[in-house]
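J.: Below: sequence and its predicted model.
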Amino acid sequence: MFRLIRVEGDSMSPTLENGDYILIQRPRSQKNLRPGLIYVLNHDRLGRLVKRLSRIDESGLWFCGDNPRSTTPEKIGSLPYDALIGRALIAVTPKGIRRL
């Protein structure tokens with residue numbers, strides 16, 4: 001199932017800007033996750049986040065923003081696979097449409 005999500009905030013700037021839209025799809029399994037790709041996730045304290053998967057280890061999934069002022073991976077913490085809403089596939093921006 002595909003979903004269209006509106007990006008809020010500047011944590012993924014310059015890759016994604018506030019007001020951009022991303023088309024997402026839920027990964028079929030944990031084996032399909034790849035560091036470096038962008039995901040949308042539910043965080044119990046921070047709400048819905050759009051972040052880049054930075055690493056996977058025994059404690060879970062670690063995410064970061066592209067903007068140096070973004071919330072740090074340490075503040076986000078490791079998250080379980082169930083926190084994922086979907087992987088960003090396409091960005092729809094004022095500059096056009098592009099694959100992520």
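T.: Great, that's in hand. Worth saying up front: this structure is predicted, and the values here are computed from it rather than measured.

J.: Tell me which residues touch the nearest residue to Ala83 once chain neighbours are set aside, please.
T.: Excluding the flanking residues, the one nearest Ala83 by C-beta to C-beta, 6 or more residues apart in numbering is Leu41, at 4.7 Å. Every C-beta, even on glycine, is put in place using the N, C-alpha and C of the backbone. Contacts for Leu41 (C-beta atoms under 8 Å, 6 or more residues apart in numbering) come out as 48-49, 51, 61, 63, 79, 83-85.

J.: do the same with Cys64
T.: By C-beta under 8 Å, 6+ apart, the residues touching Cys64 are 51-52, 54, 70, 72-73, 76.

J.: ditto for Phe63
T.: Neighbour list for Phe63: 39, 41, 49, 51-54, 73, 76, 79 [criterion: C-beta under 8 Å, 6+ apart].

J.: between those, which has the most around it?
T.: The most crowded member of the contacts of Phe63, judged by other C-beta atoms under 10 Å, is Lys51 (25 neighbours).

J.: Now tabulate the contacts of Leu41 in a markdown table and tack on distance to Asp20 and secondary structure.
T.: Shown next, in a markdown table, are the contacts of Leu41 (distance: C-beta to C-beta, whole Å; DSSP: H, G, I helix; E, B strand; the rest coil):
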| residue | distance to Asp20 | secondary structure |
| --- | --- | --- |
| Arg48 | 15 | strand |
| Leu49 | 15 | strand |
| Lys51 | 14 | strand |
| Leu61 | 23 | strand |
| Phe63 | 18 | strand |
| Leu79 | 23 | strand |
| Ala83 | 22 | helix |
| Leu84 | 20 | strand |
| Ile85 | 16 | strand |
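
J.: Farthest pair within the residues you listed?
T.: Maximum pairwise distance in the contacts of Leu41, criterion C-beta to C-beta, is 15.3 Å, between Arg48 and Leu61.
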